[in-house]
Structures are given as C-alpha cells and as structure tokens.
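A.B. asks: give me a 3D structure for the following:
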Amino acid sequence: MKSRRGILQLIGALLAFALIASACGDAESDTTEGGAISDEVPTELNALVWCDHTDPALLQPFEEANNVTVNVKDYDGTGVALGLIEQSQPGEWDVFVVDSVDVPRIVDAGLLAELNPDDYPWDDFFADVDLPGTHYQNDTLYAVPEKFGYNTIAFNGDNVSVDAMRDVESLWDPDYDGRIAVYDYYIPVMEQVAISLGIKPADLTVDDLPAIEQRLMDLKPHVALIGDVVTTQTALATGEVDIIVGGGEFVTGVLNAENPAFDWILPKQGGIRWQQAIGVFADSEKKDLATKFVQYIVSPEGQARLATSSCYWAMPANSKATLTDAEKEILRWDEQEGFVGNSYPYFIPDADLDAAMLDVWTRFLQG
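C.D. replies: Just a heads-up that it's a prediction; the model follows:
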C-alpha cells in the first residue's frame, strides 16, 4: 500500500543517516546482571523504519546509554519493506516500524516475534490507540503502538477561520474557490468524504461510491491542485493555497516554527486516524537489545523525541511523553481525547472495493 510515510521520506531525506543494511552481529550482545548492555562489547542494531526514526535526536540517547549503533533504513510503503526483507539475510533486521493496520499480515508472514505485554506502559497509552485486535493476534502481542495522527484538514489560520474548519461542510463553501489543495491519497480522502455523508469507513461499500464521487466532483471547482505531501505542503507554505484536504499535524508541525499560523483540525463530523506500530523481528539475533529499543521508543523521553522528529510531527502514543507546553499546543494535545474518540482507524478495503475506489479517484483527478 502506498503510504503517507512513503511521501514524507522526501521531507526528511536530507536529514537521514547513512544507511547500513548489511551489517549484523553474529550473536546476542553481552549484558550485565541488571540488564544493561555491557560497555565492553559495542554492538549494532538494524532497524527498518520510517523517516521519523532516522532523526539523530531520537537515536543518540539510546545509542549513548547502551553503547550501540542503531543502523536505520527508511522505506516507502509496506510492500517495499517486504521486498527489502525478502532480499536480506535471515537475522539481518532487528526492529520493524510498520503501519498498525498492516500488523496482521506481517504476523501472518511470520516476521514478528512475540512480545511480553508486561514490558510496555499500556496504562499510559492514550485510550483507543492500543488497538488490541490489531497489535495482538490470537491473544499474542506482536507490536506496540508508538505514534498516531490524522488525515484531516490543514490550513493557514491567517486566512481561514479555525471555527470554519471544524465543520467539514465548509470545504464546499464557494468562498474557498481555488484555495484548496487535496492530498493525492484516495483511501483517507474518500473515507473522510464518506464520514461527511454519515458513512463509517468500515461500513463503506461499492453502493456508497456514487454519492462519494458526486461530493468529490462538487469539491473540484475549489481545488487548485492535487499532489503529494511535499507538493501540498509547499503550496500551503507559499500561500498558493490556504487549505489541505487530507493534511494534518504531520504537514503543519514542521512548518509551525516558520509560521505559527499553519494549523490543523479534526472536523466535528470526525476523521481518519493513522497509527504506527513497532515490533521485533522474529529471526533477530538480538531480541533483548531490540526489545530494549522498543521500550525506549515508547518511553516518555523517546515518545517526545519521536513526536517532534525533524521529518514529521505527530502524536505520541504515550500520554506521558515529555513534550513542552508549546509542542503540545501545536499537536492540539488538550483536544486529543475528543479527536481519538471521534476518529476512525484506517479501513483498508478489499480488492474489489479498492479497485472501485481507485476508479472513482481517477475520475476525480481527471475531471
């Protein structure tokens, strides 16, 4: 599946590490009785991740505390990751960051190791982001939620009222003619339109598509451009557009220092929530160290650094993330309880519905 993070790699490309995908230790690193990594045996950990995990500000504290080098490889979409894994030697990878929605098929492929639930701060995670039916398979934990956000509405608050954007119906207001960009990813945008029609994404059927298509076509006169994250983000930053449909905190968070007017909101009708998960490869030869890295990522410090990664910002799964008040304001921290409760996890359609949705989207692009 073509992922939002695949496009976001372009934003973080200049900040990414030199990637090392071939090195892997021959055996588990030595540990002390207390579980800390021995200073006498420097080691490496290989992680297959998205670009937000390549930020040195995120990795360095763990590396320094554990005498380890974390080699990261960022990828574009789960299908690409599976191709990289297939081309790798058994045991080459230790840590895997993946869309939560894709965890079941990764487990079915036998790629993830079982995790001990007691190793993670479940009581500290925001309500409803634990997704037990996704991160657990057959009552066994395989992945832990680490970051989430929304495909919703991003906007320039100097030119657009936040109160107007709280009502998704405002997008069809003639006042916004030529002022809207649409993120070119059909699943979340079409699901957002479905929500505007009172249809829950998980209930979406082919019979609903004509009404969704009509809503998209009604929106088209207001649309100045349709593009990827970089294109739409640039259009917002330069003033070419004032609104991005399908945008969110992942678009505006990194722009806020430049212009605090760049903002985002979840409409009162609801929206689409994406989530990331992190797990340990089943054939990793360094499961103890890999588990320790996962624990760091979901710790309050790790979560704060991940949430504000130089590649893209988003909400940490851990409600105790050590973010500043200013950072929390950018992420609309105080509204998260309502946002999570009024949003829907990505619904991935079956092959027939997916093809029909893509046909509608193609007509929207060409119309």
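A.B. asks: what residues go with each domain of this protein?
C.D. replies: 4-148+274-334, 150-272+347-366 (automatic domain parsing).
A.B. asks: in terms of mean pLDDT, which of those ranks lowest?
C.D. replies: Across those, domain 4-148+274-334 has the smallest mean pLDDT, namely a mean of 86.
A.B. asks: name the residues of the longest helix anywhere in the chain that come out as buried.
C.D. replies: If you go by DSSP state H, the chain has its longest helix at helix 351-366. Within helix 351-366, the residues scored as buried using 16 or more other C-beta atoms under 10 Å are 353, 357, 360-361, 364. (C-beta placed from N, C-alpha, C; glycine too.)
A.B. asks: same check on stretch 75-86?
C.D. replies: The neighbour-count check on stretch 75-86 (16+ other C-beta under 10 Å) flags 75-78, 81-82, 85 as buried.
A.B. asks: can you redo these as TSV with distance to I272 and secondary structure?
C.D. replies: Converted to TSV, the buried residues of stretch 75-86 look like this (distance: C-beta to C-beta, whole Å; DSSP: H, G, I helix; E, B strand; the rest coil):
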residue	distance to I272	secondary structure
Y75	22	coil
D76	20	coil
G77	18	coil
T78	18	helix
A81	22	helix
L82	24	helix
I85	28	helix
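A.B. asks: of all pairs in those residues, which one is the farthest apart?
C.D. replies: D76 and I85 (14.0 Å; C-beta to C-beta).
A.B. asks: after the top strand by length along the chain comes which helix or strand?
C.D. replies: The longest strand of the chain (DSSP state E) is strand 144-156. Using DSSP states H and E, the helix or strand that follows strand 144-156 towards the C-terminus is helix 162-165.
A.B. asks: and the contacts of that next one?
C.D. replies: For helix 162-165, contacts defined as C-beta atoms under 8 Å, 6 or more residues apart in numbering pick out 153, 155, 170, 173, 243, 263, 265, 267.
A.B. asks: please spell out the ChimeraX selection for the buried subset of the residues you listed.
C.D. replies: Buried members of the contacts of helix 162-165, defined by 16+ other C-beta under 10 Å, are picked up in ChimeraX with:
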select :153,155,170,243,263,265,267
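A.B. asks: among the contacts of helix 162-165, which lie within strands?
C.D. replies: When DSSP E defines the strands, the subset of these inside them is 153, 155, 243, 263, 265.
A.B. asks: switch these over to TSV; also include distance to A237.
C.D. replies: TSV is the format used below for the ones in strands among the contacts of helix 162-165 (distance: C-beta to C-beta, whole Å):
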residue	distance to A237
I153	16
F155	12
I243	13
D263	13
I265	18
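A.B. asks: closest one to Y312 out of the residues you listed, please.
C.D. replies: Taking those together and measuring to Y312 by C-beta to C-beta, the closest member is D263, at 15.5 Å.
A.B. asks: identify the residue nearest that closest one in space, chain neighbours excluded?
C.D. replies: Nearest non-adjacent residue to D263, counting by C-beta to C-beta, 6 or more residues apart in numbering: G157, 4.6 Å away.
A.B. asks: for G178, see how far away that neighbour is.
C.D. replies: According to C-beta to C-beta, to the nearest Å, G157 stands 19 Å off from G178.
A.B. asks: okay, the two: which has more neighbours?
C.D. replies: Taking other C-beta atoms under 10 Å, G157 and G178 do not tie; G157 has more neighbours (17 against 12).
A.B. asks: wait, isn't the more buried one in contact with W264?
C.D. replies: No: look at G157 against W264 with C-beta atoms under 8 Å: they stay out of range, at 9.7 Å.
A.B. asks: where do the helices of the stretch 151-300 of the chain begin and end?
C.D. replies: Ranges of helices in the stretch 151-300 of the chain, per DSSP state H, counting those that start in this stretch, are 162-165, 186-196, 209-219, 229-238, 249-252, 287-297, 300-307.
A.B. asks: deepest-packed of those helices, please.
C.D. replies: helix 249-252 (a mean of 27; mean count of other C-beta atoms under 10 Å).
A.B. asks: which other helices and strands does that helix contact?
C.D. replies: The contact analysis (3 or more C-beta pairs under 8 Å, 6 or more residues apart in numbering; DSSP states H and E) places helix 249-252 against strand 144-156, helix 229-238, strand 262-265.
A.B. asks: residues making contact with the shortest one?
C.D. replies: Going back to what we said before, that points to strand 262-265. Outside of strand 262-265, the residues within contact range by C-beta under 8 Å, 6+ apart are 150, 152-157, 162, 165-166, 236-237, 247-249, 251-252, 255-256, 332.
A.B. asks: try 7 Å this time
C.D. replies: 152-157, 162, 165-166, 236, 247-249, 252, 255-256 (C-beta atoms under 7 Å, 6 or more residues apart in numbering).
A.B. asks: give me the neighbour count for the closest residue in space to D184 that isn't next to it in sequence.
C.D. replies: What sits nearest to D184 in space, not counting adjacent residues and going by C-beta to C-beta, 6+ apart, is I226, at 5.1 Å. By the criterion of other C-beta under 10 Å, I226 has 19 neighbours.
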